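# attaching a predicted model along with its sequence, questions to come.
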Amino acid sequence: MTDAGRWHQYVLTTEDVLQDFWEARLREPGDTLVVLGVGFDPRMLVGARTLLDAGGPGRRDVIALSHDEGPTSPTREHEPLVNANRDELRRLFQARGAVHEATLAMWSPDGKRRVGSENAYNLFPQALPDGPYRDLVVDISAMPRGIYMPLLIKLLRIADSGGTVQNLHVLVAENFTLDRQIAGEGVEVSYLHPFSGPMNMEYLSALPKVWIPILGEGRATHLRELHYWARPDEVLPVLPSPSRSPRRADDLVLEYHDLLDEWNVTAKNYLHVAEDNPFEAYRQLRRAVLSYHRALAPISSDACKVSVSPLSSKLVSLGALLSVYELRWTEKEKLNVGIANAEPRGYSFQPDRNQSERNGSARAGGVVPSQLFHLWIAGEAYAL
Amino acid sequence: MTDYRNPFKLSAAENIQADDLFLRLFDPTAIDVLPTDAWKRLQILRSAPGGGKTSLLRLFTPSVLSTLHVWRANADCRDLYQRLRERGVFDAAGPTLLGVLLDCRTNFAYLEALPVSSAQQDRLFFALLNARVLLAALRAISALRRLTPAEFGRLEFDEGPDAQGTVQLSLPSDGRKLYDWAVDVERRVADAMDSFAPPETTPIGMDGLVTPWILEPDAVLLNGHAIAASTLVMFDNVQELTARQRRLLLHAVINGRQRTGVWVAERFEALAAEELLDPGAKLGRDYDAVIQLEGRWRAGRGEPFRRLALGAADRRVQSSTATELGSFSSCLEDGPDQRWDDQLSEASEMIAQRIRAQSEGEERYREWIASRELLEATPYERAVQWRKLAILVERQRRKRQQRWLEEPLSVEELEEESEDSRLSRAAELFLAHDVPLPYYFGPKALAALGSCNLEQFLWLAGEEFEQILSALAMKRAHALSPARQDQIVRKCAQLRWDDIPQRVTEGRRVATLLDAIGRYARGATYRPNAPYAPGVTGVAIRMSDRNVLRRALDGERGASYRPLALALSDAIAHGLLEPHQDVKAKGNTWLVFYLNRLLCVQFDLPLQYGGFREKRLEEMQDFLDGQVPAELFKDEDAE
């Protein structure tokens, strides 16, 4: 296994560079397929608008993924917002390509088991429209973790196996103000599909277990449930540093000091990752997992089991996803790593009336606008 | 070495890694919930999260039993060892029981997502289950007999009585071959799950559960001798299986058990909503195999739980590396505090004035008032007696409105009425509410606040112990005052309340229902005549209405009650409501939903059970909508 890692060199753009990148790229001939989540989240169309604004020839097709949280989900209360977003999506793309809609059931028919990640993983390649598409862009801004993670894993596997995905990009609109207005309800914990295999093997159950929770605010219940689920021997909490707020890491330690105390976390256990660079998070997590494996491999060839739990921003979660994907799937020596995920049953959203994503009015209203990030994770950029 | 400054934080068995620490913290009375021959039979252990199931199961694993045997003379372990030895779990040489623990929080449920028929999914489930039971058994044997995996070949597995039905598992065999077989099955099933391609054409399914039965005591030999005198297979966290898999497992263990004991431990949430409202309905003849832990602890007015909880607390205090204290209860001040005297004297005077003002010019209460004015007692006693008198006067006034009674009341009548202990408790509650004074303090109250859930109790006790440690560090008196205890309990209650939306599946709906029940209970409790002394802490529906809710869940008639039935079952599953069935009152039988005792704090309610109000489903529906109609209280005035 190489120390540098697959995404040691990477493509990450934001702000003006992102706009310039897409204008230049879409100027060249080729069709683009956008996969995005349909929801109440005002960020749902930020990425799509950016791509359309970039112009260029070729079709711009869309797969719009709705997720059905069940008849009693609190998310149902926001259907007017969802419908408005869906209508706007159709309007935006009507002259540029086809909008294919698909719905993913998040729960088993008896309502007792979360099946969203399995359904998301199963969606492709069957649901891919006839291409070829030069670029496949997954906008995860309005997708829950249980959807975008297995979806990206599957698309990466298709891309890596020489399948129909040529260039795979991810867009994510981050907005911490909006994040605080969205609250989860109910919490379900599981190993995310398709990472459950090694984590659940009975014959590996005696291996030391390492758990890496990526800390975010207001997640005490999730952390407790995840810890109960992972039953770790060692806990390595991840703190955001550097961060836009220099005190954020300290505040997180203060917020969870009871739990961290309970789990015997000491200063040497903490990992620090940049909050706005997923590839930096990827590097740090990958290095930590490899260190544990190398240290424990002389005791047992299977070394240890490591589970990662992203509870912070989508950007850092993407970094976690890439590291776990690489360690589990693409290296010769497949390590026992997985993602232990805690997701709510549904979401309640209390929008700030001033917050609008449309036509830059957010900026005019003095509200913090979303910041769009673009990650190119497979394709020509890595061909050399 | 890990520094266990506050061992209360190690509340869950999962958080305690070392077996010796687990044993030091394990209170021996916990095994009282089990029949003496429990390890030879089928037992289904159920509770809300944190009820203590996993601790019980862990006790019977080989590494813990072996450690207990080593530590049998130690003061912390002697009692537990003796109890288990009397039950035949040990002989002079060591453990005689092979405890095999399989945690079902693994990926069994994913099998139902595979693109194969449900029959094939069932066969895969049994194959995986059999493989995992076998792997867990080999792990247990290696712990009990100190074998390394390389030595599994020395183990002989005889042909068990039910092993003929297996497809690929060939017996007799040796341990190494069985290990390889089980690892192969587990890997192949996992590959099928991760690839999501149709599983390979070679069938890897099995028709039923067989591996527990091939572990029968005389069927597994090492050097020609039986591994153990008895075998117990324990399935933990069965709520993580799908409903279909759980049914298959229960059916297999109910019908297939031989001489291997089998325990199934699950949270209430494993039960379908209709089972939560009617536990036992689907188990038929085996209902006596079910042990509902909270129910067992609640017997005898909660005395068994109180003993367990305070015993567990003492053990944690003794294990703390930050103090040499020996008892937790001695750290909690219990009883009225002298610092309240001024407030209490003022309160007595105010209550007396109110009673005098209300009865001005009436001869009827003259002797009653005079007797209290002459009472020689502590300020707290006096205040309580005045508060009792206020309630009794209010009751008399209501009677008088109905009956036009005018005769003066005698002191003897007052003393007779005052002897009612429920009235005393109501007066204490009202006094604490009026002044205000701390109410939730003392070891007994703390045990009650645990609501028969050990994890909840240890959390509360841990928060109080943290304060005790801080006081010790600052070289101050470490015993917690009633006021500080009350503050801590109220803070915890608020945290638990705020956590409901995140913790519970339909948290907001459940919180709305509980809030309405709590507000209603508070309204009914604090009526001036204390009609339900010491207070109302639950609501009840007729058992016949319970059936209406069950039908609503089945999609039959009364579908409009489905949200109510779901919210009630969610609240029960998470231990927020405690159902008591077949309670007789007013010529009917009732299903009572008591609030978790910690939630009672949110509404200033007492902690005793027994006070409930009967409600129609329409009224419960109002609660679900967050409404507490004023008519409810008018109805009570009329009663």
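That came through, no problem.

# so who does residue B:220 touch?
By Cβ atoms under 8 Å, 6 or more residues apart in numbering or on different chains, the contact set of residue B:220 is B:98, B:141, B:155, B:156, B:157, B:158, B:214, B:226, B:227, B:231. All C-beta atoms are positioned from the backbone trio N, CA, C, and that covers glycine.

# and the fourth one, how many residues sit next to it?
Neighbourhood size, residue B:156 [other Cβ atoms under 10 Å in any protein chain shown]: 16.

# surely it forms part of a strand?
Yes: looking at residue B:156 with DSSP: H, G, I helix; E, B strand; the rest coil, it is inside a strand.

# which parts of the stretch 51-200 of chain A sit against chain B?
Residues of the stretch 51-200 of chain A found near chain B (Cβ under 8 Å from any Cβ of the partner chain) are A:72, A:74, A:108, A:110, A:112-113, A:115, A:118-119, A:121-122, A:183-187, A:191, A:193-194, A:196-200.

# hmm, back to that, between the contacts of residue B:220, which is nearest chain A?
residue B:141 (13.3 Å; Cβ to the nearest Cβ).

# which ones among the residues of the stretch 51-200 of chain A next to chain B are found in helices?
A:118, A:119, A:121, A:122, A:196, A:197, A:198, A:199, A:200 (DSSP state H).

# residues contacting the last one?
Think residue A:200. So residue A:200 contacts A:191, B:106, B:107, B:190 (Cβ under 8 Å, 6+ apart).

# need the longest strand for chain A.
strand A:337-349 (DSSP state E).

# hmm, that one touching chain B?
Yes: taking Cβ under 8 Å from any Cβ as the criterion, strand A:337-349 and chain B are in contact, through A:344, A:345, A:348.

# that strand: how far from the chain's middle?
Mean C-alpha position of strand A:337-349 versus that of the full chain (Cα atoms, centre = their mean, to the nearest Å) differs by 11 Å.

# what lines up beside the helix or strand containing residue B:584 in the sheet?
Here residue B:584, judged by DSSP states H and E, is contained in strand B:577-585. Looking at strand B:577-585 with DSSP bridges, its partner strands are strand B:588-595 (antiparallel).

# and whichever residue of chain A sits closest to chain B, what pLDDT?
Using Cβ to the nearest Cβ, the closest approach of chain A to chain B is made by residue A:200 at 3.7 Å. The confidence metric pLDDT takes the value 84 at residue A:200.

# can you tell if stretch B:242-255 touches chain A?
Yes: Stretch B:242-255 comes into contact with chain A (Cβ under 8 Å from any Cβ), by way of B:242, B:243.

# need the contact list for residue A:335.
Counting by Cβ under 8 Å, 6+ apart, the residues that residue A:335 touches are A:289, A:290, A:293, A:303, A:306, A:327, A:328.

# tell me the pLDDT of it.
Per-residue pLDDT puts residue A:335 at 87.

# and the helices in the stretch 151-300 of chain A?
Counting by DSSP state H, counting those that start in this stretch, the stretch 151-300 of chain A has helices at residues A:176-181, A:196-200, A:220-230, A:248-255, A:257-262, A:278-296.

# make JSON lines out of those and add distance to residue A:68.
Converted to JSON lines, the helices of the stretch 151-300 of chain A look like this (distance: least, Cβ to Cβ, whole Å):
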{"stretch": "helix A:176-181", "distance to residue A:68": "23"}
{"stretch": "helix A:196-200", "distance to residue A:68": "22"}
{"stretch": "helix A:220-230", "distance to residue A:68": "22"}
{"stretch": "helix A:248-255", "distance to residue A:68": "33"}
{"stretch": "helix A:257-262", "distance to residue A:68": "33"}
{"stretch": "helix A:278-296", "distance to residue A:68": "29"}
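
# closest one to residue B:254 among those?
With Cβ to Cβ as the criterion, residue B:254 lies closest to helix A:196-200 of those, at 26.0 Å.

# quick one: buried residues of the closest one?
Under the neighbour-count criterion of 16 or more other Cβ atoms under 10 Å in any protein chain shown, helix A:196-200 has A:196, A:197, A:198, A:199, A:200 buried.

# kindly report the same for stretch B:456-464.
Per 16+ other Cβ under 10 Å, stretch B:456-464 contains these buried residues: B:456, B:457, B:458, B:459, B:460, B:461, B:462, B:463, B:464.

# can you tell me if it touches chain A.
No: under the criterion of Cβ under 8 Å from any Cβ, chain A is not reached by stretch B:456-464; the shortest gap measures 9.1 Å.

# can I get the CA coordinates of that stretch in CSV?
Output of stretch B:456-464 as CSV, limited to C-alpha atoms (Å, rounded to 0.1, in the frame of the first residue of the first chain):
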residue,chain,number,x,y,z
GLN,B,456,-31.2,5.9,34.0
PHE,B,457,-30.5,5.5,37.7
LEU,B,458,-26.7,5.3,37.2
TRP,B,459,-26.8,8.4,35.0
LEU,B,460,-28.6,10.4,37.7
ALA,B,461,-26.4,9.0,40.5
GLY,B,462,-23.3,9.7,38.4
GLU,B,463,-24.3,13.4,38.0
GLU,B,464,-24.7,13.6,41.8
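
# which stretches of the stretch 201-350 of chain A have low pLDDT?
A:331-333 (pLDDT under 70).

# around chain B, pick out the residues from it.
For the stretch 201-350 of chain A, the residues in contact with chain B (Cβ under 8 Å from any Cβ) are A:201-203, A:205-206, A:220-222, A:228-229, A:231, A:233, A:258, A:261-264, A:344-345, A:348.

# before we move on, which element is residue B:231 in?
strand B:230-236.

# what lines up beside that strand in the sheet?
Short version: by DSSP bridges, strand B:230-236 pairs with strand B:97-103 (parallel), strand B:261-267 (parallel).

# any chance of those strands in a markdown table with distance to residue B:241, mean neighbour count and mean pLDDT as columns?
Supplementary listing: the strands paired with strand B:230-236 in a markdown table, determined by distance: least, Cβ to Cβ, whole Å; neighbours: other Cβ atoms under 10 Å in any protein chain shown; pLDDT from 0 to 100:
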| stretch | distance to residue B:241 | mean neighbour count | mean pLDDT |
| --- | --- | --- | --- |
| strand B:97-103 | 11 | 25 | 96 |
| strand B:261-267 | 9 | 25 | 92 |
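
# can you add distance to residue B:176 and give those strands back as a markdown table?
Formatted as a markdown table, those follow (distance: least, Cβ to Cβ, whole Å):
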| stretch | distance to residue B:176 |
| --- | --- |
| strand B:97-103 | 18 |
| strand B:261-267 | 26 |
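
# who wins for proximity to residue B:32 among these?
Using Cβ to Cβ, these put strand B:261-267 closest to residue B:32, at 16.2 Å.

# can you name the residues in contact with the closest one?
For strand B:261-267, the surrounding residues in contact (Cβ under 8 Å, 6+ apart) are B:38-49, B:51, B:53-54, B:56-57, B:212, B:230-239, B:246, B:249-250, B:253, B:573.

# now it, how far from the centre of its chain.
16 Å.

# ok, now stretch A:89-97?
Average the C-alpha atoms of stretch A:89-97, do the same for its chain, and the two points are 26 Å apart (Cα atoms, centre = their mean).

# distance between the ends of it?
11 Å (Cα to Cα, to the nearest Å).

# same check, this time on stretch A:22-40
End residues of stretch A:22-40 are separated by 26 Å (Cα to Cα).

# buried sites along that stretch?
Buried, per 16+ other Cβ under 10 Å, within stretch A:22-40: A:22, A:25-26, A:30-40.
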